[in-house]
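Peer 1: Compute the structure for the input listed below.
(one chain, ligands or ions: 1)
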Amino acid sequence: MASSTALICDTEAWKDLKGHVEDINKTHLRDLMSDANRCQSMMMEFDGLFLDYSRQRATIETMDKLLKLAKAAQLAEKISRMFSGDHINSTENRSVLHAALRAPKDAVIKADGKNVVPEVWNVLDKIKDFSEKIRSGSWVGATGKPLKDVVAVGIGGSFLGPLFVHTAIQTDPEALESAKGRQLRFLANIDPVDVARNINGLNPETTLVVVVSKTFTTAETMLNARTLREWITTALGASAVAKHMVAVSTNLALVEKFGIDPNNAFAFWDWVGGRYSVCSAVGVLPLSLQYGFSVVEKFLKGASSIDQHFQSTPFEKNIPVLLGLLSVWNVSFLGYPARAILPYSQALEKFAPHIQQVSMESNGKGVSIDGLPLPYETGEIDFGEPGTNGQHSFYQLIHQGRVIPCDFIGIVKSQQPVYLKGEVVSNHDELMSNFFAQPDALAYGKTPEQLQKENVSENLIPHKTFSGNRPSLSLLLPELTAYSVGQLLAIYEHRVAVQGFVWGINSFDQWGVELGKVLATQVRKQLHSSRTQGTALEGFNYSTTTLLKRYLETSSEPQI
Ligand SMILES: O=P(O)(O)OC[C@H]1O[C@](O)(CO)[C@@H](O)[C@@H]1O
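Peer 2: Prediction:
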């Protein structure tokens with residue numbers, strides 16, 4: 001781009017792709033898929049992962065044009081600025097260095113001129129030491145009992161990533177074995193029902209609470225932390241906090257003010273965005289308590305492998321770059337506003353919710369990084385469910401309704417294989433039959449002519465016709481281990497960054513979450529004064545006043 005304030009849509013590369021849409025609209029995936037050379041060029045392998053994007057509505061020419069768009073967007077420079085610790089999160093004046101969280105001990109990654117890797121490893125070593133003490137029972141609670149259960153209190157990025165990784169590895173044989181006799185739970189929502197569910201069946205005597213908050217000011221997390229502090233101190237006395245509560249934060253002063261011993265706090269840094277923090281103490285501490293540090297270290301290594309691939313592989317073979325460019329193609333050129341994340345793996349059931357934050361909080365922006373209003377949409381609506389459950393839910397719309405590019409994620413080797421004697425296939429093969437079938441159903445569809453040949457009655461033909469030409473990609477992982485979960489995470493993190501870099505936005509701030517928080521403060525104040533002094537409602541519009549009045553009049557909330 002000529003100047004830093006120019007928008008990507010003004011470049012020749014963007015305009016060229018706009019024109020190219022017409023060519024693509026003349027194609028059908030049925031025909032594109034019959035070109036073996038094209039398909040072969042759209043498959044690649046890295047470190048055990050296999051990517052097939054031949055079912056994208058793209059030709060070799062499209063890919064060529066997308067690579068030109070990457071050049072016009074100065075993608076290589078932007079990636080390099082990220083890894084060099086430049087303050088690419090300009091609205092918060094911060095570096096974006098989550099890759100440093102999983103870098104090998106001898107790597108050098110600088111923020112503001114200082115190598116951050118030794119600090120990262122100091123915290124990792126502290127987590128290793130602490131989690132071993134808890135797991136071995138050498139650290140005991142206030143009544144002398146070992147702490148076998150952990151409740152991690154946090155929300156958003158201080159919750160979704162750790163929950164995803166926990167859910168993904170909990171049935172992996174190695175992780176399962178190392179977690180025997182232990183429980184890890186996550187308290188995120190301020191809904192008191194979530195508190196009730198999370199402490200149900202737990203004994204404060206044997207529970208460790210980990211308060212996870214980058215800022216240590218998030219209203220929900222702090223109230224939930226105070227609620228669990230009350231649960232512990234009511235049962236065990238005020239001094240029990242020292243043994244039963246620890247924290248993860250960048251704000252160690254507030255951790256201390258809360259009453260948690262600073263020695264029991266695990267730091268991270270402002271160059272780690274909340275939604276990119278699962279590889280910091282945010283995820284590593286709770287996961288190490290549950291599975292042991294050596295399992296979690298494999299997760300970090302998997303992510304690091306993708307970091308190196310992303311940083312050094314030419315774009316035409318670079319998985320996050322290719323996926324990011326294809327997403328830009330689908331959103332900005334083909335006009336598909338959503339993306340379905342469809343892992344054929346129950347263990348990945350929390351992957352889509354995590355990626356929703358990573359992607360939508362990062363790329364749902366209305367202005368360029370320089371503050372210019374964007375004449376094009378950014379970000380996509382991410383959603384998903386594991387297969388085959390999703391097939392019995394929203395796939396109808398994907399097959400015959402709106403066009404939604406799909407990410408199919410499959411695993412070669414099941415974490416928990418089952419084969420029943422006499423069955424046609426193993427349970428995992430049954431699952432994977434669907435993984436292989438769905439992308440073709442979407443791509444090829446079914447024509448009225450085919451239905452006629454099958455003697456389908458005329459009145460049903462329109463209903464049974466599938467237009468096809470619906471794009472997807474398939475990612476095949478050899479197995480689902482801590483390592484491959486790390487790979488998967490980093491692929492999506494970097495893919496989202498690629499999209500943001502091309503769109504010319506700041507993918508690392510999140511000002512859009514602030515307004516609602518401010519308005520909730522006004523409501524909170526009003527609820528307090530109405531409940532304690534009977535103050536009349538003031539300063540709200542007709543609708544909110546009516547709703548609040550009804551809530552206050554009919555609510556059975558305990559009075560303060
Ligand atoms: O870790 P914290 O500071 O409690 O923030 C939690 C979450 O709140 C947000 O700031 C906004 O929802 C997220 O970006 C962040 O992950």
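Peer 1: Reduced to three states, what does the residue sitting furthest away from the middle of the chain come out as?
Peer 2: Counting by Cα atoms, centre = their mean, the extreme residue of the chain relative to its mean C-alpha position is N455, 46.2 Å from that point. Of the three states, N455 takes coil according to DSSP: H, G, I helix; E, B strand; the rest coil.
Peer 1: And the strands in the protein, which stretches?
Peer 2: Remark: strands assigned in the chain by DSSP state E are 43-46, 49-52, 110-111, 114-115, 149-153, 183-187, 207-212, 245-249, 265-267, 338-343, 381-383, 406-413, 472-479.
Peer 1: who does the second one pair up with?
Peer 2: When pairing is defined by DSSP bridges, strand 49-52 lines up against strand 43-46 (antiparallel), strand 472-479 (antiparallel).
Peer 1: Could you pull out the buried residues of it?
Peer 2: Of all the residues in strand 49-52, those buried under the rule 16 or more other Cβ atoms under 10 Å are L49, L51, D52. Every C-beta, even on glycine, is put in place using the N, C-alpha and C of the backbone.
Peer 1: Which single one of the residues you listed is nearest to S131?
Peer 2: In terms of Cβ to Cβ, no member of those lies closer to S131 than L49, at 28.8 Å.
Peer 1: still on that earlier bit, looking at the buried residues of strand 49-52, which is nearest L325?
Peer 2: The closest of those, once distances to L325 are taken by Cβ to Cβ, is L51, at 12.9 Å.
Peer 1: So that closest one is in contact with L473, correct?
Peer 2: Yes. Using Cβ atoms under 8 Å, L51 makes contact with L473 at a distance of 7.0 Å.
Peer 1: ok, back up a step: for the strands of the chain, which one sits closest to H428?
Peer 2: strand 406-413 (8.0 Å).
Peer 1: wait, which of the strands paired with strand 49-52 is closest to S312?
Peer 2: Closest among the strands paired with strand 49-52, using Cβ to Cβ: strand 43-46, at 11.4 Å.
Peer 1: So what's the gap between the top helix by length along the chain and the chain middle?
Peer 2: When the chain is parsed with DSSP state H, its longest helix is helix 482-503. Distance of helix 482-503 from the chain centroid (Cα atoms, centre = their mean, to the nearest Å) equals 9 Å.
Peer 1: again, but for stretch 468-484
Peer 2: 16 Å.
Peer 1: And for stretch 134-150?
Peer 2: 31 Å.
Peer 1: which of the residues in it are buried?
Peer 2: Buried, per 16+ other Cβ under 10 Å, within stretch 134-150: I134, R135, W139, G141, A142, P146, L147, K148, D149, V150.
Peer 1: and if you look at stretch 429-441?
Peer 2: L431, M432, N434, F435, Q438, P439, A441.
Peer 1: A107: which of those is nearest?
Peer 2: Checking those one by one against A107 (Cβ to Cβ), the nearest turns out to be F435, at 35.9 Å.
Peer 1: Okay, helices next: where are they in the stretch 401-550 of the chain?
Peer 2: Taking DSSP state H, counting those that start in this stretch as the criterion, the stretch 401-550 of the chain contains helices spanning 427-444, 448-453, 461-464, 482-503, 514-533, 542-554.
Peer 1: Of all those, which one is nearest the ligand?
Peer 2: Closest to the ligand of the helices of the stretch 401-550 of the chain, according to Cβ to the nearest ligand atom: helix 514-533, at 8.0 Å.
Peer 1: Sounds good, over and out.
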